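Peer 1: Just the structure for this:
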Amino acid sequence: MNMSEKRLVIVSIVALCGWGTLCFAQQDVRAQRAEMFGSFEFLEGDAVTESIYGERITLNLDDTAAFGFGMGYNISDNFNMNMSFLFGKMDIATSGIIHLSGDASVFMFDTNLDYNLLAQALTPVASAGIGLINLDGDYGSHRSAFNETDLSYNFGAGLRWDFTSNLFVKAMYTWKFTTLEDTDDTLLLDGLKINFGFVF
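Peer 2: Model (predicted):
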């Protein structure tokens, strides 16, 4: 095979790949289709100031890995409404005048609107939403129990890839904000969230 024939084969392969990608993008329409997904989120902890037993102390929430599931609906190729439920555990400790330590179960519920920048299989995505965070645990030598549920809001940005007409993966960096009871500061939990799901 001479050089001109090799070039023709290479150009043909590139053209076929491009044509296949274009066809895939055109056929892979999300509009008016529902989806279900499993979800993993790694969140970095934060510290806030809190009042315990009348003393102002710093409450440190450790990093946590949360697992869960969700469902959504593609209003169009660009807009997606979804909700997710995530469960995890985190260590909690105080510093300052009072030193306590313990752990808590974490439940997070979020309702989000995603915007897919491109109406094709691989697209940047931005997201914003509101939800609830529940902390249920105990701390201290007497294992003082606590259970509270707080409103939250979140933002995210990343990539979505519908790698077949029915399967997708979405990876985003998220910022989740809430305010705990008796605290002065806004709590920020941020990290990587990955959804793997089925479109139908």
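Peer 1: residue contacts, Gly88?
Peer 2: Applying C-beta atoms under 8 Å, 6 or more residues apart in numbering, we find Gly88 in contact with Glu41, Leu43, Thr64, Ala65, Ala66, Phe67, Ser105, Val106, Met108. All C-beta spots, glycine's among them, are computed from the backbone N, C-alpha and C.
Peer 1: confidence score at it?
Peer 2: Listed pLDDT for Gly88 reads 96.
Peer 1: Over to the one 3 residues further on?
Peer 2: pLDDT for Asp91: 91.
Peer 1: In contact with Ser95, which residues?
Peer 2: By C-beta under 8 Å, 6+ apart, the contact list for Ser95 reads Ile57, Thr58, Asn60.
Peer 1: sorry, back to before: kindly indicate which of the contacts of Gly88 lies nearest Leu189.
Peer 2: Nearest to Leu189 out of these is Leu43 (C-beta to C-beta; 4.2 Å).
Peer 1: From Lys89, how far out is that closest one?
Peer 2: The gap separating Leu43 from Lys89 is 12 Å, by C-beta to C-beta, to the nearest Å.
Peer 1: Between these two, tell me which one has more neighbours.
Peer 2: Legend: neighbour count by other C-beta atoms under 10 Å for Leu43 and Lys89, higher for Leu43 (25 against 13).
Peer 1: Spell out which helix or strand contains the more buried one, please.
Peer 2: For Leu43, the host element (DSSP states H and E) is strand 33-44.
Peer 1: One more: Met81?
Peer 2: With DSSP H and E as the test, Met81 turns up in strand 79-95.
Peer 1: Ser165 now?
Peer 2: Applying DSSP H and E, one finds Ser165 in no helix or strand.
Peer 1: my read: it touches Val199, true?
Peer 2: Yes. The pair Ser165 / Val199 is scored as a contact, 7.4 Å apart, by C-beta atoms under 8 Å.
Peer 1: Overlap of the contact sets of those two?
Peer 2: By C-beta under 8 Å, 6+ apart, no residue touches both Ser165 and Val199.
Peer 1: These two: who's more crowded?
Peer 2: Val199 (19 against 14).
Peer 1: How about the contacts made by the spatially closest residue to that one that is not a sequence neighbour?
Peer 2: The shortest distance from Val199 to any non-neighbouring residue, by C-beta to C-beta, 6 or more residues apart in numbering, is to Glu35 (4.6 Å). Neighbour list for Glu35: Met71, Gly72, Tyr73, Asn74, Asn80, Asn82, Phe168, Gly197, Phe198, Val199, Phe200 [criterion: C-beta under 8 Å, 6+ apart].
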